[in-house]
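J.: just coords:
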């Protein structure tokens, strides 16, 4: 329910654009990034985290994981995430912004990472992330940079 | 010396723009963000970290500090950094990118945070950061989002 107003605004924007209305471009288009981010999250939750991070990466994407060195390039990012179990990582965008030219923008939000070690009950780690998106020559949105860090519980 | 090629490109770009040459805009303009980031770092190193983070913040800037909840707004960010001693934090951009419209872009780089607790020798913590920049109505560049996370030593 939290994301309902954003979804509603997106739907209204699509209708108004279709009707040729003069909606402020930056407000309307940020919906595209929020939507891309939700699709990215859905792919990571339902299928393989590593594959989702490859599917949504620009070829020269950079990942800046907490506690690790930068990871450069789509294939290196994929490889770095192969050990993450399917369904362990989920996230939801909080806000986003896009350039006037509609080719570069970002989303940020919160994530939950479910960790299970041995026989211990599953622990949930909370965090925040930033994803920078760039429109590709084929019109799709891919991330060029992705990073995140830890939050206190329930943040 | 590491940043010399960027500085040189910036200088060349400024001359060519002045001469009306058709340099690729995205390549040229990213220099502006790298330069803004270096000025930001210089202000934080030479003066107060909290004041620098206020000076370079857009009014509605968001900070996503590691291990903490999001901090929203220029004044809240300033307040959150008041305990950081002058000279404790330094950083240097590695790369940046800007939109075609030249109104939104980002830099990322590495930081060093010098911590001194009690009589212990100063410890240096290494990390990475991302800063998202937005051109303001007065033509200046301010950050709208800033985040960072830890790296292994010497990364």
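T.: Nice, thanks for sending it over. Note that the coordinates shown come from a computational prediction; the quantities given were computed from them, not determined experimentally. Residues are numbered from 1 along each chain as shown, chains lettered A, B, ... in the order given.

J.: what secondary structure does the most centrally placed residue in chain A sit in?
T.: Note on chain A: the residue nearest the mean C-alpha position is residue A:37, at 3.7 Å, using CA atoms, centre = their mean. Assigned by DSSP: H, G, I helix; E, B strand; the rest coil, the conformation of residue A:37 is helix.

J.: Cross-check the contact I'm expecting between it and residue A:106.
T.: No: using CB atoms under 8 Å, residue A:37 is not in contact with residue A:106, being 9.5 Å away. All C-beta spots, glycine's among them, are computed from the backbone N, C-alpha and C.

J.: so what sits against both of the two?
T.: In terms of CB atoms under 8 Å, 6 or more residues apart in numbering or on different chains, residue A:37 and residue A:106 are both contacted by the residues A:96, A:131, A:133.

J.: Helix, strand or coil: sort out the nearest residue to residue A:101 once chain neighbours are set aside for me.
T.: Closest residue to residue A:101 apart from its sequence neighbours, by CB to CB, 6 or more residues apart in numbering or on different chains: residue B:101 at 3.5 Å. Under three-state DSSP, residue B:101 falls in the coil class.

J.: Compute the number of surrounding residues for residue B:101.
T.: Residues near residue B:101, counting by other CB atoms under 10 Å in any protein chain shown, number 18.

J.: Same check on residue A:66?
T.: Counted with other CB under 10 Å, residues neighbouring residue A:66 total 17.

J.: ok, it to residue A:128 distance?
T.: To residue A:128, residue A:66 is 10 Å away according to CB to CB, to the nearest Å.

J.: Would you mind grabbing the residues shared as contacts by these two?
T.: Residues touching both residue A:66 and residue A:128 by CB under 8 Å, 6+ apart: A:148-149.

J.: ranges for the strands of chain A?
T.: The residue ranges that make up the strands of chain A, judged by DSSP state E, are A:57-64, A:71-72, A:89-98, A:104-115, A:123-135, A:141-150.

J.: was I right about residue A:147 contacting residue B:149?
T.: Yes: here residue A:147 lies in contact with residue B:149, judged by CB under 8 Å, at a distance of 6.5 Å.

J.: residues from chain A in reach of chain B?
T.: A:62, A:64-70, A:94-95, A:97-101, A:103-106, A:108, A:128, A:130, A:132, A:134, A:144-145, A:147-152, A:155 (CB under 8 Å from any CB of the partner chain).

J.: residue ranges with poor pLDDT in chain A?
T.: Confidence mapping of chain A against pLDDT under 70 gives the ranges A:1-28, A:155.

J.: run the last query once more with 50
T.: For chain A, the stretches with pLDDT under 50 are A:1-7, A:12-23, A:25-28.

J.: quick one: furthest residue from the center of it?
T.: With CA atoms, centre = their mean as the measure, chain A has its most outlying C-alpha, relative to the mean C-alpha position, at residue A:119: 31.0 Å.

J.: what comes up buried for stretch A:71-82?
T.: Of the residues in stretch A:71-82, those buried under the neighbour-count criterion (16 or more other CB atoms under 10 Å in any protein chain shown) are A:71, A:74, A:76-78, A:80-81.

J.: circling back: please give me every residue in contact with the residue nearest to the centre of chain A.
T.: When contacts are counted by CB under 8 Å, 6+ apart, residue A:37 touches A:91, A:93, A:96, A:107, A:109, A:131, A:133.

J.: quick one: residue A:82 from chain B, how far?
T.: 20 Å (CB to the nearest CB, to the nearest Å).

J.: again with residue A:47
T.: With distances defined as CB to the nearest CB, the gap from residue A:47 to chain B amounts to 26 Å.

J.: count of residues packed around that residue?
T.: By other CB under 10 Å, 13 other residues sit near residue A:47.
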